[in-house]
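In: when you get a sec, could you give me coordinates for this:
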Amino acid sequence: MNREMKHLRWAPAMAVLVGLLVFAGLVVSNPALAAERGVAIPDPVVDTPLAAKSAKQTAVVAGGCFWGIQLVFQHVKGVKSATSGYSGGTLAMPAYEDVGTGKTGHAESVKITFDSAQISYGELLKVFFSVAHDPTELNRQGPDTGTQYRSVIFYANDEQRHIAEAYIAQLEQAKSFPSPIVTQVVPLKAFYAAEIEHQNFAKLHPDNSYIAANDLPKVERLREQLPSLYKK
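Out: Next up, the predicted model:
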């Protein structure tokens, strides 16, 4: 059974479990589960100003299954495209099955192309940290475990590295999360687009039980918590 089928197999049970936890009040008292509902965090102190005119830039991040990360950033103002793929490993041109073994070093990643006149790199990171994933989970994200699901910011230049590192330090100092941030900040060496069946998966399959339980709530958190950055 491949990983995609495993996702779909456990999803109904997970949705029931989460519902029972909410009913029992355990979600509120559990810091890890609370973090998965989204965290209100401050704007980055270190950031680049919006460009004077439209200009395309890219950002690459990883934080769990790429279906959900891609879906979230497809709903962010100023984002022109979000592509699921693989970064951070040693294998050239990896396939989904390769990355799923956890032996390639790659993380399921998303390349974000954005208009720097509409949204800054720091604002993208605010979405990444606050609603797109839980940056305190090490080598996992929710029920998905393995280094391929680790939290990573792949910087393209020194400016992106500086903004990312400064923001993590700011959030740690502010104690924005109940546990330490484990997000890696590493240079982007390569990004490999995932297979066509993984592109826009969440957008095309909103009724899928895994998507409904894990990814659609992220978009709702974006709409509620960061309305100025949300787009339909």
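In: which residues of the protein score low on pLDDT?
Out: For the chain, the stretches with pLDDT under 70 are 1-37.
In: what about the helices in it?
Out: 3-24, 26-29, 31-36, 66-74, 96-100, 121-127, 158-173, 201-204, 209-214, 216-225 (DSSP state H).
In: my guess is residue 62 meets residue 144, correct?
Out: No. Contact criterion C-beta atoms under 8 Å: residue 62 and residue 144 do not qualify, at 11.8 Å. In this view, the C-beta of every residue, glycine as well, is placed from N, C-alpha and C.
In: same drill for these two, tell me which one is more crowded.
Out: residue 62 (28 against 20; other C-beta atoms under 10 Å).
In: next, the contact list for the more buried one, please.
Out: For residue 62, the contact set (C-beta atoms under 8 Å, 6 or more residues apart in numbering) comprises 69, 87-88, 107-110, 149-152, 154.
In: got it, and residue 154?
Out: Contacts of residue 154 by C-beta under 8 Å, 6+ apart are 60-62, 87-88, 109, 186-188, 191.
In: can I get the buried part of the residues you listed as one PyMOL selection?
Out: To isolate the buried members of the contacts of residue 154 in PyMOL, using 16 or more other C-beta atoms under 10 Å:
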select buried, resi 60+61+62+87+88+109+188+191
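In: adding distance to residue 139, write the contacts of residue 154 out as TSV.
Out: Compiled in TSV, the contacts of residue 154 are given as follows (distance: C-beta to C-beta, whole Å):
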residue	distance to residue 139
60	18
61	16
62	11
87	16
88	12
109	15
186	15
187	20
188	20
191	20
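In: restricted to strands, list the contacts of residue 154.
Out: 60-62, 87, 109, 186-187, 191 (DSSP state E).
In: which of those sits closest to residue 167?
Out: Relative to residue 167, the closest of these is residue 61; by C-beta to C-beta it sits at 12.3 Å.
In: ok, the closest one - contacts?
Out: Contact analysis of residue 61 by C-beta under 8 Å, 6+ apart lists 69, 109-110, 112, 124-125, 128, 132, 152-154.
In: no further questions, thank you.
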